[in-house]
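# Whatever this is, show me its structure:
(chains A, B, C and D)
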Number of protein chains: 2
Amino acid sequence: MTDIPASDARARYERIYATLRKRICLLDYPPGRRLREEDLAEEFHTSRTPIRRVLARLEDEGLLWSVHGVGTIVTDIDIEELSQVYRLRIELAELIGKLMPVPPDQAMLNELFEMEARCAELASRLDAREFARLNMDFFQLILRLTANEPLRDISERLYFQTTRIWLKTASRFDHYRDMLRLEVESFQREMRDVMLAIESADLSAVGHVRRAHLTTSFSRLLAEARSDKKADIN
Amino acid sequence: MTDIPASDARARYERIYATLRKRICLLDYPPGRRLREEDLAEEFHTSRTPIRRVLARLEDEGLLWSVHGVGTIVTDIDIEELSQVYRLRIELAELIGKLMPVPPDQAMLNELFEMEARCAELASRLDAREFARLNMDFFQLILRLTANEPLRDISERLYFQTTRIWLKTASRFDHYRDMLRLEVESFQREMRDVMLAIESADLSAVGHVRRAHLTTSFSRLLAEARSDKKADIN
DNA sequence: ACTTTCGCAGTTGTATACAAATTGGTGAGC
DNA sequence: GCTCACCAATTTGTATACAACTGCGAAAGT
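Numbering: from 1, shown residues only, chains lettered A, B, ... in the order given. Coordinates of the predicted model:
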């Protein structure tokens, strides 16, 4: 059996999809932003047709919303609506260590060490966008701890549905930097706890650790958002 | 706020999608079957363009596989590969009763009674295709027991990824009718247990019941499939 | 007889012209 | 000055012509 031809059409499709998804989740395209198919077609040196396939998928996943005659708009996100996605993510986090766990190899451990270094550097510099990127990379590394592919796909999908909310919420606050510091510190603890669990060769413990951190991180966010909304009303 | 315009383009898209998905899962389009975009376009009185959007989604979900220059082919299914999806479905079954449970209204109970009648009738007639349809309807009713929409979406998606396997596996056996009878009886018990759990107003019990039945039903299938493979080798 | 090459038929992928829908503004009417 | 109707610009949705690719078979060469 030879290599799969890799069908560069499909490869390009995946590349554009990943690119746009990342832009949306890092708020390069903030909620409400209108994307023009023709602009994207020009940027990626193609026609509207392949672009439309990418946009259709992003729409199916809830990141975009196309309206005939108007445009393709980045969806807005509301923390109350997203709380359901979080509830589910919290449950799935535990499954990652339970369903077909994959002991990490040395390459993976090395990547983890690198990330820890990036995190330490981040703790002193406090760059929100860089935090979001690190968080994303860490998540995708964690996914490699399970060989259950549907679980990986679904977890990733839900991750990208929720991850924008932190950046968006925090950017509205004046104590933005305080929130970020708190979050980076919490993330640092999560990485440390995950590494300890991995070292003790207990992947289900990784699940418990991540579940706990996801829960606290979400309720912290929820509390902030609600206090903000209350302040708006008054 | 008035009614959403319902954008009949999107409604048609959803309709065609649901139609083709059902055909694939009832084996009207068996694994390996080649679909021609132009035929489908003609059947649904449209052009290839909207059809291609539907096919792209079915491909993303693993039910189809498009190859440039060859055709769009219904994917084959292998029970060993699908066991991962089953593992996940088993875990999610329990969540349906746990995350935002929705007490069933009278209309839903009536539908359940109707299904029970269909099931009883089925037990005497033994029609595999009708069994698959009833199973599908029952599953979609169960989904209404949770208001957690992402959980609903994901559970549905995984259901349609796995449901063909029973029909496909069973149809290869000469004791096909025995298998079907066994399966219908098991399904009948599942419905009864679910209704008992609902009557006692304990939706998390529904989850446990369904988890248990899904587990046994899958291992039964797995055992059959493996004994068959072994017989092939000898 | 076997192998290899070439070409044709058939299908999906891409580009593009056109249709349909919405928005915003402009001007007539009051 | 205000309202309403209508038109034009803009953008997504659809249809279709064409390009790219694959598989198969025929035919030529050995």
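
# In the longest helix anywhere in chain A, which residues are buried?
In terms of residue count, the longest helix belonging to chain A (DSSP state H) is helix A:203-233. Along helix A:203-233, the positions that meet the burial threshold by neighbour count (16 or more other C-beta atoms under 10 Å in any protein chain shown) are A:203, A:205-207, A:209-211, A:213-214, A:217-218, A:221-222, A:224-225. Using the backbone N, CA and C atoms, a C-beta is placed for each residue, glycine as well.

# and if you look at stretch A:183-191?
Residues A:183-184, A:187, A:190-191 are the ones in stretch A:183-191 that count as buried (16+ other C-beta under 10 Å).

# So which of those are in helices?
Per DSSP H, the buried residues of stretch A:183-191 map to helices at A:183-184, A:187, A:190-191.

# Let me know the closest of those residues to DNA strand D.
Nearest to DNA strand D among those, counting by C-beta to the nearest atom of the strand, is residue A:183 at 34.0 Å.

# My guess is that closest one contacts residue A:169. True?
No: contact criterion C-beta atoms under 8 Å: residue A:183 and residue A:169 do not qualify, at 10.7 Å.

# shared neighbours of the two, which are they?
With C-beta atoms under 8 Å, 6 or more residues apart in numbering or on different chains applied, the contact sets of residue A:183 and residue A:169 do not overlap.

# domains of chain A?
A:8-74, A:79-233 (automatic domain parsing).

# nearest to residue B:150, of those?
Taking C-beta to C-beta, domain A:79-233 is the member of the domains of chain A nearest to residue B:150, at 5.0 Å.

# Off-centre distance for that closest one?
8 Å (C-alpha atoms, centre = their mean, to the nearest Å).

# does it come close to chain B?
Yes: Domain A:79-233 reaches chain B (C-beta under 8 Å from any C-beta of the partner chain) through A:84-85, A:87-88, A:91, A:95, A:99-100, A:147-151, A:154, A:158, A:161.

# what mean pLDDT does that domain have?
The pLDDT scores in domain A:79-233 average 93.

# ok, now stretch A:20-29?
So the average pLDDT for stretch A:20-29 ends up being 98.

# send the alpha carbons of that stretch over as CSV?
Output in CSV follows, covering the C-alpha atoms of stretch A:20-29 (Å, rounded to 0.1, in the frame of the first residue of the first chain):
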residue,chain,number,x,y,z
LEU,A,20,-10.3,30.7,9.1
ARG,A,21,-11.3,28.8,12.3
LYS,A,22,-8.1,30.1,14.0
ARG,A,23,-8.8,33.6,12.9
ILE,A,24,-12.3,33.5,14.3
CYS,A,25,-11.2,32.0,17.6
LEU,A,26,-8.4,34.5,18.1
LEU,A,27,-10.9,37.3,17.3
ASP,A,28,-9.0,38.4,14.2
TYR,A,29,-12.5,38.1,12.9
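
# Run the chain-centre distance for it.
The answer for stretch A:20-29 is 10 Å, by C-alpha atoms, centre = their mean.

# Could you single out the nearest of the buried residues of helix A:203-233 to residue B:124?
Set against residue B:124, the nearest of the buried residues of helix A:203-233 by C-beta to C-beta is residue A:207 (46.6 Å).

# OK, contacts around the closest one?
A:93-98.

# Excluding chain neighbours, what is closest to residue A:139?
Spatially, and ignoring its direct neighbours in sequence, residue A:139 is nearest to residue A:159 (5.5 Å; C-beta to C-beta, 6 or more residues apart in numbering or on different chains).

# Tell me how many other residues crowd that neighbour.
19 (other C-beta atoms under 10 Å in any protein chain shown).

# Point me to the helix or strand that includes it.
Using DSSP states H and E, residue A:159 falls within helix A:149-162.
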